[in-house]
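Participant: Sharing a model prediction with you, sequence too.
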Amino acid sequence: MAIVWIPSLLRRLTGGKAELRADGATVREVIDQLEALHPGLKARLVEDGRLKPSFAVVVDGFSSDLGLRHPLTADSELHFVPALSGG
């Protein structure tokens, strides 16, 4: 099972949990499984079938350009990182 780190601004949807575990061959499949357990999480992360621009996904320590299509292994770690803005 992949380990998924949840940013603090989404933890109210996970009952305060910062770390979750989920199965899936891709980031999309993991988000779908998490949505079944924690309704509302997918709507905060996904828009029009893509990861919202306000979030980046880091898989196994590397920022992913593949977004929801990024392949995972059983021991992958995912971090949903809020995008930084400003100047």
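Facilitator: That came through fine.
Participant: Give the full set of residues in contact with residue 58.
Facilitator: Residue 58 makes contacts with 64, 78-79, 81, as judged by Cβ atoms under 8 Å, 6 or more residues apart in numbering. All C-beta atoms are positioned from the backbone trio N, CA, C, and that covers glycine.
Participant: helix or strand right after the helix or strand hosting residue 42?
Facilitator: According to DSSP states H and E, residue 42 maps onto helix 41-45. Moving toward the C-terminus from helix 41-45, the next helix or strand (DSSP H and E) is strand 46-47.
Participant: Run the chain-centre distance for the helix or strand that that next one is followed by.
Facilitator: Going down the chain from strand 46-47, the next helix or strand is strand 50-51, by DSSP H and E. Offset of strand 50-51 from its chain centre (Cα atoms, centre = their mean, to the nearest Å): 10 Å.
Participant: can you list contacts of strand 50-51?
Facilitator: Strand 50-51 is contacted by residues 27, 45, 57, 67-68 when judged by Cβ under 8 Å, 6+ apart.
Participant: farthest pair in those?
Facilitator: 45 and 67 (10.3 Å; Cβ to Cβ).
Participant: Settle it for me: which of the two has more neighbours?
Facilitator: Set residue 45 next to residue 67 and count neighbours by other Cβ atoms under 10 Å: residue 45 wins out with 23 against 17.
Participant: What score does the more buried one have for pLDDT?
Facilitator: Note for residue 45: predicted pLDDT of 97.
Participant: What of residue 74?
Facilitator: The score at residue 74 is 91. That number is its pLDDT.
Participant: Just give me the neighbour total for it.
Facilitator: Residue 74 has 9 neighbouring residues, counting by other Cβ under 10 Å.
Participant: Look at it and give its secondary structure.
Facilitator: coil (DSSP: H, G, I helix; E, B strand; the rest coil).
Participant: And for residue 65?
Facilitator: Strictly by three-state DSSP, residue 65 counts as coil.
Participant: and residue 18, how far is that from residue 74?
Facilitator: Separation of residue 18 from residue 74 (Cβ to Cβ, to the nearest Å): 21 Å.
Participant: With residue 22 instead?
Facilitator: For residue 22, the distance to residue 74 (Cβ to Cβ) stands at 11 Å.
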